[in-house]
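Novice: Structure for this input, please:
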Amino acid sequence: MIAFEIQNDIFIVTLAKPERRNAVDKKDAQALAQIFREFEKSSAKVAVLCGEGGNFCAGADLKEVAKGHFNRLELEGDAPMGVSRMHLSKPVIAAISGYAVAGGLELALWCDLRVAEEDAKLGVFCRKWGVPLIDGGTLRLPRLVGFGRAMDLILTGREVGAEEALSMGLVNRVVKKGEAKNAAIVLAEQIAAFPQVCMNSDRASTYAQIGLSESEALKSEFRFGKLALSEVQEGAKNFLKRPERKA
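Specialist: Numbering: from 1, shown residues only. Modelled structure (predicted):
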């Protein structure tokens, strides 16, 4: 089951199958993709993805896979975990409690930022069961933490705690147990308060530069930056209105 709610500018999506550590079956994946399409169309500015019952997500629901009920396995269209091929125009923050492993780790990697509780556990746990990373894990993990660290996690399937995840850049914030969702919402509210055209064009440019040469990336950055010029004059006026800082 996937639930969602909108709090002002924040779109909160909850994986709600705590009895299976929020593992995602085919139906769940389809619902997750549809809900994020609703987020994309909505006036909400930032989404928060979290899990119910003390865990983020344990990946694909292997109890269903063992019965021969696989998640969607097609090269085009929605990914096995639903959203991991989607390119949204607005940011998503993962609020990680408990386990974020296997396909659950890939969901967290799909998000723009990750807030983890101090006892969170991340890793490629599917290594033990012969289940491959097919939701972007082999792309996003090395881009986020570097090739060597990514290969360590991918080959060993070892558990990574929150502090180690923070030190390698796998998560962006570590908070106390039980506080990931609220901390992610506060962070989302901070991001939602910025001029959105400029911020989202910079976000899009940052993704677009992956794989480009420096010269092509600079051209791409300029094209995205031009989209934000509508906010520049107003931003300059607001800058001039700020209180003067005392030396």
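
Novice: From here on, just use CA atoms for contacts and neighbour counts.
Specialist: Will do.

Novice: From residue 195, how far off is residue 18?
Specialist: Counting by CA to CA, to the nearest Å, the gap from residue 18 to residue 195 is 37 Å.

Novice: need the contact list for the spatially most central residue of the chain.
Specialist: Per CA atoms, centre = their mean, the C-alpha nearest to the average position across the chain is that of residue 111, at 1.1 Å. Counting by CA atoms under 8 Å, 6 or more residues apart in numbering, residue 111 makes contact with 91-94.

Novice: So for it, what's the pLDDT?
Specialist: Here the pLDDT value assigned to residue 111 is 98.

Novice: Please state the backbone phi and psi of it?
Specialist: phi -70, psi 160 (degrees, to the nearest 10).

Novice: now do residue 100
Specialist: According to degrees, to the nearest 10, residue 100 has phi -130, psi 90.

Novice: That one against residue 124, yeah?
Specialist: No. Taking contacts as CA atoms under 8 Å, residue 100 lies outside contact range of residue 124: 9.0 Å.

Novice: of these two, who's got more company?
Specialist: residue 100 (32 against 28; other CA atoms under 10 Å).

Novice: show me the residues around the more buried one that make contact.
Specialist: 55-59, 108, 120-123.

Novice: Taking the residues you listed together, which two end up most distant?
Specialist: The most widely separated members of the contacts of residue 100, counting by CA to CA, are 59 and 120 (14.7 Å).

Novice: Looking at stretch 21-35 now, give me its mean pLDDT.
Specialist: Stretch 21-35 comes out at a mean pLDDT of 96.

Novice: Understood, closing this out.
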